[in-house]
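Give the three-dimensional model of this entry:
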Amino acid sequence: MNEAAAQSGSAPDLAALAGRIRTWGQELGFQQVGIADTALDVTEARLDEWLAEGRHGDMEWMARHGRKRTRPGELVPGTRRVISVRMDYHPAPDADDADDTLADPGRAFVSRYALGRDYHKLMRKRLQRLASRIRAETGSEGYRVFVDSAPVMEKPLAEKAGLGWIGKHTLLLNHRAGSWFFLGEIYTDLPLPVDTPGTDHCGSCRACIDVCPTGAITAPYQLDARLCVSYLTIEHQGSIPEHLRPLMGNRIFGCDDCQMVCPWNKFAQPTDEADFHPRHGLDTAALVSLFRWDEATFLARTEGSAIRRLGHQRWLRNIAVALGNAPTEPDVVAALQERADHPAELVREHVHWALARHGQSAQESHRE
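Now for the predicted structure:
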């Protein structure tokens, strides 16, 4: 919408349009739709501090793109509002209980968001349909859809759009839905009325801080990614620091501890999206079984999954750490021995560490 068209439309017309956008979004399967302006001054200052302290680890992409991450109008010129949406993903009630999996050191824990199909394509298609409907209604061509696909501060924007508040674990919380949801955005040039920002309801609770297995939540609302199990198992490319490996337990892809313990998640509702339900038994899988996947099996069973981005080597790296933390049993040691001479140094290093945890050296395992 150009400036003249924007000025010709009355506020009630824009308010009615915003209402229709919310209705259309819900029809497309989004549980909530909100609208925010683009002012992120406070967020920008906090991001600068976080980067300067190196708490982003080797996620160098967080420092790229200049100010485009915190200034939407520089990323997409003409952007005046951000339409923020949430889509719930918590597995259906028949998914195996996360607490049971964490309590069984022989099983693999995969973050709940990654048990099903990758959310990016599903949400992007839905958001594109929403944007197309807005375009058909207004004639506006000034929009762009995002689902983790560009430098976008999705949580601060969602907070400004009234979808919730950023909790002490730095995730977005909603008082009716907890934190088990994905976020997506439409940048638009439409001067829509904005929603009331979310307000903090964490109070004196520090459950997420106390439960974090590696102490990554260093203070309320402060996260050091370099310590976070989700970062270590998903984003980190190299060797996992040895002092953190014993603390990772059986978590092989992500970590949900801070969400599982959050009292607001008692209000979370299971998803109706079939694509988000567990696939290939990943909610109940044994570590040894997953460790024996060759690369072809890994690629086949992670097709359409967020897990595939790891690649087979980092998949084995993560499971080797978990096997090092598992009880010393013949099948655990045997599985590690099978990978002791893996051609990739990244894999070998973690396998040798795991074998040492079970009282065996790499040389001993090789001779056997």
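
so how far is residue 360 from residue 330?
In this view, residue 330 and residue 360 are 12 Å apart by Cβ to Cβ, to the nearest Å. Quick note: C-beta positions are derived from backbone N, CA and C, even for glycine.

quick one, which of the two is more surrounded?
Comparing residue 330 with residue 360 by neighbour count (other Cβ atoms under 10 Å), the higher total belongs to residue 360, at 18 against 7.

Before we move on, what's the pLDDT of the residue nearest to that one when sequence neighbours are not counted?
Ranked by Cβ to Cβ, 6 or more residues apart in numbering and with sequence neighbours excluded, the top spatial neighbour of residue 360 is residue 333, at 6.5 Å. In this model, residue 333 is scored at 97, pLDDT.

Which helix or strand contains residue 333?
helix 330-338 (DSSP states H and E).

and the strand or helix carrying residue 100, average pLDDT?
Applying DSSP H and E as the criterion places residue 100 in helix 98-103. Helix 98-103 shows a mean pLDDT of 94.

List the contacts of the very next helix or strand once past it.
Downstream of helix 98-103, the first helix or strand assigned by DSSP H and E is strand 109-110. Contacts with strand 109-110, where a contact means Cβ atoms under 8 Å, 6 or more residues apart in numbering, come from 98, 101-102, 249-256, 282-283, 285, 307.

one more time with 7 Å, if that's ok
101, 102, 250, 251, 252, 253, 254, 282 (Cβ atoms under 7 Å, 6 or more residues apart in numbering).

do stretch 49-59 as well
The contact list for stretch 49-59 (Cβ under 7 Å, 6+ apart) reads 62, 63, 224, 225, 226, 231, 235, 236, 237.

Kindly confirm whether my reading is correct that the fourth one touches residue 233.
No: with contacts counted by Cβ atoms under 7 Å, residue 225 stays clear of residue 233, the gap being 11.9 Å.

of the two, who's got more company?
Higher neighbour count among residue 225 and residue 233: residue 233, with 26 against 20, using other Cβ under 10 Å.

ok now do that one, which residues does it touch?
Residue 233 neighbours (Cβ under 7 Å, 6+ apart): 251, 252, 253, 254, 318.

Mind checking which of those residues are in helices?
residue 318 (DSSP state H).

which among the contacts of residue 233 gets closest to residue 77?
Using Cβ to Cβ, residue 254 is the member of these that lies nearest residue 77, at 35.2 Å.

which residues does the nearest residue to the closest one once chain neighbours are set aside contact?
Leaving aside its chain neighbours, residue 254 sits nearest to residue 111 (2.7 Å; criterion: Cβ to Cβ, 6+ apart). The neighbourhood of residue 111, defined by Cβ under 7 Å, 6+ apart, consists of 230, 253, 254, 255, 256.

If we use 6 Å, what do you get?
Residues in contact with residue 111 (Cβ atoms under 6 Å, 6 or more residues apart in numbering) are 253, 254, 256.

Equivalent analysis for residue 146, please.
152, 185.

distance of it from residue 128?
11 Å.

Tell me how far the closest residue to residue 92 other than its chain neighbours lies from residue 90.
Of all residues not flanking residue 92 in the chain, residue 270 sits nearest, at 4.8 Å (Cβ to Cβ, 6+ apart). Per Cβ to Cβ, residue 270 is found 6 Å from residue 90.

Looking at these two, which one has more neighbours?
Set residue 270 next to residue 90 and count neighbours by other Cβ under 10 Å: residue 90 wins out with 21 against 16.
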